[in-house]
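In: The amino acid sequence is not available; the structure is as follows:
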């Protein structure tokens, strides 16, 4: 799961970290939001069922003269069904990146602009289909925006904030239909008009968490998952009939007893990044951690399947084909949450996965057997501590400092192009001072930094490693000879794919922690204002930059 400030960090330290570290993925514990949640979720059910207007001010668009008209397509959350984030058809390269100009900006207004839980207002990747940009904010509102002009075509208002985590939320588009969810309901909308086709708010039982994933649609099925499930089974993975919304199958992400989760009453397992739909009839999800304390990991050590795992299921039936658990008995909030990527390693179909433990894994796509793994970013020798506790071979001494910390490691999705995997990491150790700590107590005496690394697909060998001065949170995205990402403090950067040299840097209108999209001649950047929106200074917006 993502890191929580309020319960585990002291108030003073929470404020210091929120401002100095400026955490993009910070959330309030599920337990802390339950009273208000009962009210907002009831409102959500009414709004989703009726598709009624929110009465909030309409979003606004600013157009800028002289910029080329945006064109192109980015049809899936990660660009394609393989989740490679390689922008097919893009014309943006090192030869013209310096000529990127702002074509338009689409500004959120009303309650949605305030953001949620310090994560800002936008955390999802835009999807671009047939000249329309589809975007969902962290209040579950959906917007259809003209790619050419940035003007609003239609809006589906919900105005219900994320109940448990900072999203990403986000939509999928297929066959003229937009698919998305609120914390408790899944819906399908007409892509041309926004009219409701179907909704279902009865998919999750008590204790099975809430929705915050950007779904995937393929083969007539909608694939999604809950997160923060604290009841039997933890979170759940689901497939729905795309035409009717009918539930086809469910898969529980936690099996057996989970004493650590029961003691905390908080979330376990589940998924929130878009799954991989394979050409072999499978679907693979990256699963979150068991969210247990250090003390529980010591007193009740258990593998806690299928937390911190890649879970590969039969796409038609939901039956388990294989799993690979990266971190058994996790107590560091080290999710294996990144969207899995389809690849070929030495001629063998493979899946590339990673997460906040800061290790990239290449697995055989048919069996889950490990082909290689590679640590990225800074590690301080604590990688195997959860397993050592499971084997009764370790005594934890306080204060306990671990890196990667609970922020990552690898927090955002990776990219794959040619024979190279591109991955962004966060370098920030955390120090736990009590056995009741779940994800550390404070930053361990250093500011947050990050790295962009290129790994050889065949071996995992590091080809280059470029340091950045804060969190890189835009998800690595390839366009020809460049790899793009954004920095949390509000900067769009592009690196030379061959050398890692930063060849382009542009200051954004506000802070950002959302994946970018590259469509044809356009870079779309959701600048959601995390850390500032709730204070009235975020000015969250989707910005389109174009080249001639």
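Out: Everything's here; your move. What you are looking at is a predicted structure, and each value in this text was computed from that prediction instead of being measured.
In: If we go by neighbour counts, what in stretch 75-94 is buried?
Out: Residues 75-79, 81-88, 90-92, 94 are the ones in stretch 75-94 that count as buried (16 or more other CB atoms under 10 Å). Where you see a C-beta, it was placed from the backbone N, CA and C, and this is true even at glycine.
In: Could you do stretch 60-71 as well?
Out: 61, 67, 70-71.
In: Over to stretch 415-422?
Out: Buried residues in stretch 415-422 (16+ other CB under 10 Å): 415-417, 420-422.
In: Give me the mean pLDDT for it.
Out: Averaged across stretch 415-422, pLDDT comes to 98.
In: what's the span of it from first residue to last?
Out: Terminal residues of stretch 415-422 lie 5 Å apart, using CA to CA, to the nearest Å.
In: Please apply the same query to stretch 279-289.
Out: 28 Å.
In: State the mean pLDDT of that stretch.
Out: 97.
In: Okay, now the unreliable bits of the stretch 301-450 of the chain?
Out: 440-442, 444-445 (pLDDT under 70).
In: Kindly recompute the last result at 90.
Out: Applying pLDDT under 90 to the stretch 301-450 of the chain flags residues 436-448.
In: What segments of it are strands?
Out: Under the criterion DSSP state E, counting those that start in this stretch, the stretch 301-450 of the chain carries strands at the ranges 309-314, 320-325, 341-345, 348-354, 359-364, 370-375, 400-402, 415-417, 420-427, 430-432, 442-443, 449-456.
In: and the angle from the fourth one to strand 420-427?
Out: Looking back up the chat, that one is strand 348-354. 20 degrees (axes from the mean of the first three to the mean of the last three CA atoms, to 10 degrees).
In: from memory residue 516 sits against residue 472, does it?
Out: No: the pair residue 516 / residue 472 is not scored as a contact, 11.4 Å apart, by CB atoms under 8 Å.
In: from the buried residues of stretch 415-422, which is closest to residue 501?
Out: residue 422 (13.9 Å; CB to CB).
In: my read: residue 491 touches residue 504, true?
Out: No: with contact defined as CB under 8 Å, residue 491 does not count as touching residue 504 (10.2 Å).
In: neighbour count winner among these two?
Out: residue 491 (19 against 16; other CB atoms under 10 Å).
In: show me what contacts the more buried one?
Out: Residue 491 makes contact with 505-508 under the criterion CB atoms under 8 Å, 6 or more residues apart in numbering.
In: Do a quick rundown of the helices in the stretch 201-350 of the chain.
Out: For the stretch 201-350 of the chain, helices defined by DSSP state H, counting those that start in this stretch occupy the ranges 259-264, 294-299.
In: mean pLDDT for these: which is lowest?
Out: helix 259-264 (a mean of 54).
In: list the contacts for the residue nearest to residue 340 when sequence neighbours are not counted?
Out: Distances taken as CB to CB, 6 or more residues apart in numbering put residue 276 closest to residue 340, at 4.0 Å, once the chain neighbours are dropped. Residue 276 is in contact with 81-83, 216, 283-284, 339-342, 351, counting by CB under 8 Å, 6+ apart.
In: how about those, which pair is most distant?
Out: That would be 216 and 351, which, of the contacts of residue 276, are the farthest apart (CB to CB) at 14.5 Å.
In: Deepest-packed of the strands of the stretch 301-450 of the chain, please.
Out: Highest mean neighbour count among those (mean count of other CB atoms under 10 Å): strand 420-427, with a mean of 27.
In: Pretty sure residue 91 is one of the things residue 521 touches, is it not?
Out: Yes: counting by CB under 8 Å, residue 521 touches residue 91, with 5.1 Å between them.
In: joint contacts of the two?
Out: residue 547.
In: Spatially, what comes nearest to the residue nearest the centre of the chain if we skip its sequence neighbours?
Out: Nearest to the mean C-alpha position of the chain, by CA atoms, centre = their mean, lies residue 273 at 4.6 Å. Residue nearest to residue 273 in three dimensions, not counting chain neighbours: residue 339, with 4.5 Å by CB to CB, 6+ apart.
In: That neighbour and residue 248: what is the separation?
Out: 21 Å (CB to CB, to the nearest Å).
In: Compare the two and say which one has the larger neighbour count.
Out: More neighbours surround residue 339 than the other of residue 339 and residue 248, with 30 against 17 (other CB under 10 Å).
In: Just the buried residues of stretch 193-208, please?
Out: 194, 197-201, 203-204, 208.
In: For those, give me TSV that also has distance to residue 141 and pLDDT.
Out: Below are the buried residues of stretch 193-208 laid out as TSV (distance: CB to CB, whole Å; pLDDT from 0 to 100):
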residue	distance to residue 141	pLDDT
194	11	98
197	17	98
198	19	98
199	15	98
200	19	97
201	17	96
203	20	97
204	21	94
208	24	88
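In: Between the residues you listed, which sits nearest residue 238?
Out: Once CB to CB is applied, the member of the buried residues of stretch 193-208 that ends up nearest residue 238 is residue 203, at 6.4 Å.
In: measure the closest one to residue 535 for me?
Out: Taken as CB to CB, the span from residue 203 to residue 535 is 35 Å.
In: ditto for residue 132
Out: 32 Å.
In: more crowded one of the two?
Out: Taking other CB under 10 Å, residue 132 and residue 535 do not tie; residue 132 has more neighbours (19 against 11).
In: circling back: just give me the closest of the contacts of residue 276 to residue 411.
Out: Nearest to residue 411 among these, with distances taken as CB to CB, is residue 339, at 12.2 Å.
In: backbone phi and psi for the closest one, please?
Out: phi -60, psi 120 (degrees, to the nearest 10).
In: same thing with residue 188?
Out: Per degrees, to the nearest 10, the backbone of residue 188 is at phi -130, psi 130.
In: quick one, what contacts it?
Out: 177-179, 196-199, 222, 242, 245.
In: Let me have those in JSON lines, adding distance to residue 127 as columns.
Out: Converted to JSON lines, the contacts of residue 188 look like this (distance: CB to CB, whole Å):
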{"residue": "177", "distance to residue 127": "12"}
{"residue": "178", "distance to residue 127": "8"}
{"residue": "179", "distance to residue 127": "10"}
{"residue": "196", "distance to residue 127": "19"}
{"residue": "197", "distance to residue 127": "17"}
{"residue": "198", "distance to residue 127": "19"}
{"residue": "199", "distance to residue 127": "20"}
{"residue": "222", "distance to residue 127": "14"}
{"residue": "242", "distance to residue 127": "15"}
{"residue": "245", "distance to residue 127": "19"}
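In: which ones among the residues you listed are found in strands?
Out: 177-179, 196-199, 222 (DSSP state E).
In: What is the most widely separated pair among those residues?
Out: Within the ones in strands among the contacts of residue 188, 196 and 222 form the most distant pair, 15.1 Å apart (CB to CB).
In: For stretch 314-321, which outside residues touch it?
Out: 218-219, 221, 223, 237, 239, 248-251, 277-278, 281-283, 311-313, 368.
In: what about burial for these, which qualify?
Out: 218, 221, 223, 237, 239, 248-251, 277-278, 282-283, 311-313, 368.
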